[in-house]
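**Q** A predicted structure for the sequence below; I have some questions about it.
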Amino acid sequence: MPAIVEGRASDLSIPAARRSPAVPALLGGSGVLLVAAVLLGDATDEARLAWIGAGAVVVVALAALVLPRPRVGRAGVALFALVAAATAWAAISVLWSIQPDRSWDVVNRGLAYMALLGLGALVASATPRAARLTAGAFAVVFGAAIVWALAGKAVPALGSDLERVARLQSPLGYWNALALLIAMSLPLWLWVAAPPSRSRVLRAAGCAAIALAVAALALTASRGGILVAVVAVGAWLALVGPRVESGLVLVAGGVPGAAAAGWALTRPALTEAGSLARGRDGALLGVALVVAAGVAAVVGARLPAVSGPGRRKLGVVLALVALAVAVAAVAAVTVHVGGPREFVQQFRDPGEQADASRRILSVSASSRWTWWEEAARIWRDHPVRGTGAGTFELARKPFRPGTASPTEPHDLPLQALSETGVIGLVLLLAVVAAAARVVRDARRRLRSEDALAAAALTAGAVAYLAHSLIDTGVDFVAVTAPVLLGVGVLAAAGRPAGPPVRSPLGVLAVAAVGVAVVASLAAPRIAERRTDQALDALLAGDPARARSLARDAHALNPLSVEPLLREAAAERQLGRYREARRLYERAVNLQPENAETWYALGTYVWDVGGDAKAALPYLERSWVLDKYGPAQHRLEQAKAAARAGG
């Protein structure tokens, strides 16, 4: 893999940015969406994703009508086509999905992600320095997220759910996603600080950011995040020329950050949930972080320029030190768990460590092995087309070993296999291959600062891809949006742009597609709100209003069973028992593999008809579909009542 060597000037052959006021509007809108995705994404909240995706669709549609049309090359065209094909296959899976409303959510996620990918390409066509501009924006937003996360640990009043979870997770709402974001940030800080031409101010800022990033990464207690961070740094070193400088910057920033994190991991108030002493140790952590960042900045600003024979020797020393640290870390963990055999056994152990400091030294996959086996079992039962996009949580319930209910198997290829079959996996691998070709072409096309920025974006995407093998990053817009924006930028950066869409037919097509996508994104979320309002009306004793709201919700999302169940409950309160039963039966017919629909029908038959024996088949079916669901105890009660003649 050829390295990217820093130059003094860019030889991009694209024209200067257009003077149209639409260009700053596009860049501003893209920045707002990036901030919303990273800082306000709120874990896997489908509503947030819907509005962020709708915003991206609107920006893309408007920009396509007034700004130069991006040219993305054959690899870029293949990437867009394959992402569209994967989204279309998820949409087709609605036809046989065991949970079609979840499949629609996956389709909407794909549409939102396509819009973000297209937005990146539009940004690249609007400015000749898109790669460095994008990398700089990512560095600022990622840095804000890291500072936000650490502030919540240092000042408990700013933290999120610290009484229940001690691991660093704000503002993303999930510690492993935050760890991935931090890992993706490391190549950006190396881009800021490592090139020899950087000023002392930039080098100091980059080293300080690395110190805070390393400390935050440790406090997430995400072992996978630490491994992915190593992958991200390795990818950067493989892509760029200033490797020795990168190593020095990593030492200057990483050592102080690791020292601060090491102290924090010894404090129970910072590593255990619910500690009452967190305030004092949090304040001390804040001081330690400031000191670590300050030391890193001072050392970074004074890093010497290295050239000549000494450069090669220093590079060898740094490589040997890194290798020694890696070997020592693996050996220490192996000895800690009791040897290689115990290492393998504990990896398959689903046990969890609540204490962050002990968790880092644990090698348990935290139930992942079980989930991977379950995904493989689902795929064996449905090899070609799967059970429908987004259905892993429901598909595993008939044989799940406990009450845990993950929405994904924490492995993207296995998820694709179990939910969308072999065809879905082939499409996923094709998307990855096309994205790799896009990145490769960009590396060959770009020069100087744009090439270095492209390397940082590429290294972050490699980290994201590695993380997808052990967790659920694709569900988190906070980490997926930057990757898609970055790949979209690389697809079009350095290429001459084409004319904007001008023909009446083209304008009409853009408008129609935009409206359709926004409607698809919005309908399930509005239906969800109507369903919640229907429940509120039921609790308030207003079944007529609840029925009206539930019917509206069903009209907006006919694939969901929740509106039917709410309407049935309203009809029951109104004394319309025949209509209520018809609605419960419709819910069962809509999702016959869903234990909740059978439980609702069985409970209704018993409660209203007073016939426990008639309710038994429905409750038994619910129990078969989910032995840890609500039917477990209700079924025993119904059996006892049936034996007693009730």
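**A** Structure's in. What do you need?

**Q** quick one: pLDDT of the spatially most central residue of the chain?
**A** With distances taken as CA atoms, centre = their mean, the residue of the chain nearest its centroid is Phe476 (2.4 Å). As predicted, Phe476 sits at a pLDDT of 91.

**Q** give me phi/psi at it?
**A** The phi/psi pair for Phe476 (degrees, to the nearest 10) reads phi -110, psi 110.

**Q** pretty sure it is touching Ala177, no?
**A** Yes. Taking contacts as CB atoms under 8 Å, Phe476 lies within contact range of Ala177: 4.5 Å. C-betas here are computed from N, CA, C, even on glycine.

**Q** that older thread, how near is the residue nearest to the centre of the chain to Asp101?
**A** 20 Å (CB to CB, to the nearest Å).

**Q** kindly report the same for Leu412.
**A** 22 Å.

**Q** check Ala511 too.
**A** 28 Å.

**Q** the two: which is more packed in?
**A** Asp101 (21 against 13; other CB atoms under 10 Å).

**Q** dump the residue contacts of the more buried one.
**A** For Asp101, the contacting residues are 524, 557, 559-561, by CB atoms under 8 Å, 6 or more residues apart in numbering.

**Q** for it, give me the pLDDT.
**A** 96.

**Q** quick check, it in a strand?
**A** No. Counting by DSSP: H, G, I helix; E, B strand; the rest coil, Asp101 falls outside a strand, being helix.

**Q** ok, for Pro401, nearest residue in space, not its chain neighbours?
**A** Nearest residue to Pro401, sequence neighbours excluded (CB to CB, 6 or more residues apart in numbering): Thr370, at 6.5 Å.

**Q** how near is that neighbour to Gln415?
**A** Taking CB to CB, one finds Thr370 at 15 Å from Gln415.

**Q** tell me which of those two has more neighbours.
**A** Between Thr370 and Gln415, counted using other CB under 10 Å, the more crowded position is Gln415 (29 against 20).

**Q** which SS class is Ser418?
**A** Under three-state DSSP, Ser418 falls in the helix class.

**Q** what's Leu158 in contact with, if anything?
**A** Contacts of Leu158 by CB under 8 Å, 6+ apart are 151-152.

**Q** can you check the pLDDT for it?
**A** If you check Leu158, the pLDDT there is 72.

**Q** and for the one 5 residues further on?
**A** Confidence per residue is given as pLDDT, and for Glu163 that number is 58.

**Q** so where is the stretch 201-350 of the chain shaky, pLDDT-wise?
**A** Along the stretch 201-350 of the chain, the model assigns pLDDT under 70 to residues 273-278, 308, 333-350.

**Q** that one: helices as residue ranges?
**A** Secondary structure of the stretch 201-350 of the chain (DSSP state H, counting those that start in this stretch): helices at 223-239, 243-264, 268-271, 278-301, 309-337, 340-347.

**Q** any chance of JSON lines for the ones you listed, columns distance to Leu635?
**A** JSON lines is the format used below for the helices of the stretch 201-350 of the chain (distance: least, CB to CB, whole Å):
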{"stretch": "helix 223-239", "distance to Leu635": "39"}
{"stretch": "helix 243-264", "distance to Leu635": "49"}
{"stretch": "helix 268-271", "distance to Leu635": "42"}
{"stretch": "helix 278-301", "distance to Leu635": "44"}
{"stretch": "helix 309-337", "distance to Leu635": "41"}
{"stretch": "helix 340-347", "distance to Leu635": "36"}
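
**Q** wait, which of these is closest to Arg437?
**A** Arg437 sits nearest to helix 223-239 of all those, at 15.6 Å, using CB to CB.

**Q** ok, which stretches of the stretch 401-550 of the chain are helices?
**A** Under DSSP H, counting those that start in this stretch, the stretch 401-550 of the chain gives helices at 412-445, 448-467, 477-492, 504-539, 543-556.

**Q** can you say which of those helices is nearest to Gly173?
**A** Nearest to Gly173, of those and by CB to CB, is helix 477-492 at 8.5 Å.

**Q** tell me the angle of the closest one relative to helix 448-467?
**A** Taking axes from the mean of the first three to the mean of the last three CA atoms, to 10 degrees, one finds helix 477-492 and helix 448-467 inclined to each other by 140 degrees.

**Q** packing partners for helix 477-492?
**A** Secondary-structure packing of helix 477-492 (3 or more CB pairs under 8 Å, 6 or more residues apart in numbering; DSSP states H and E): helix 22-40, helix 46-66, helix 73-92, helix 100-126, helix 130-154, helix 175-193, helix 412-445, helix 448-467.

**Q** pick the most deeply packed of those.
**A** helix 175-193 (a mean of 29; mean count of other CB atoms under 10 Å).

**Q** please save the CA atoms from that helix in CSV.
**A** Provided in CSV are the C-alpha atoms of helix 175-193 (Å, rounded to 0.1, in the frame of the first residue of the first chain):
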residue,chain,number,x,y,z
TRP,A,175,-20.2,3.7,25.7
ASN,A,176,-19.1,1.5,22.8
ALA,A,177,-20.3,4.0,20.2
LEU,A,178,-18.5,6.7,22.0
ALA,A,179,-15.4,4.6,22.0
LEU,A,180,-15.7,4.2,18.3
LEU,A,181,-16.1,7.9,17.8
ILE,A,182,-12.9,8.5,19.9
ALA,A,183,-11.0,5.9,17.8
MET,A,184,-12.1,7.6,14.6
SER,A,185,-10.9,10.9,16.1
LEU,A,186,-7.3,9.8,16.6
PRO,A,187,-6.3,9.9,12.9
LEU,A,188,-7.7,13.4,12.8
TRP,A,189,-5.6,14.6,15.6
LEU,A,190,-2.5,13.0,14.0
TRP,A,191,-3.4,14.9,10.8
VAL,A,192,-3.6,18.1,12.8
ALA,A,193,-0.3,17.6,14.6
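
**Q** what's the mean pLDDT across that helix?
**A** Over the span of helix 175-193, the pLDDT mean works out to 95.
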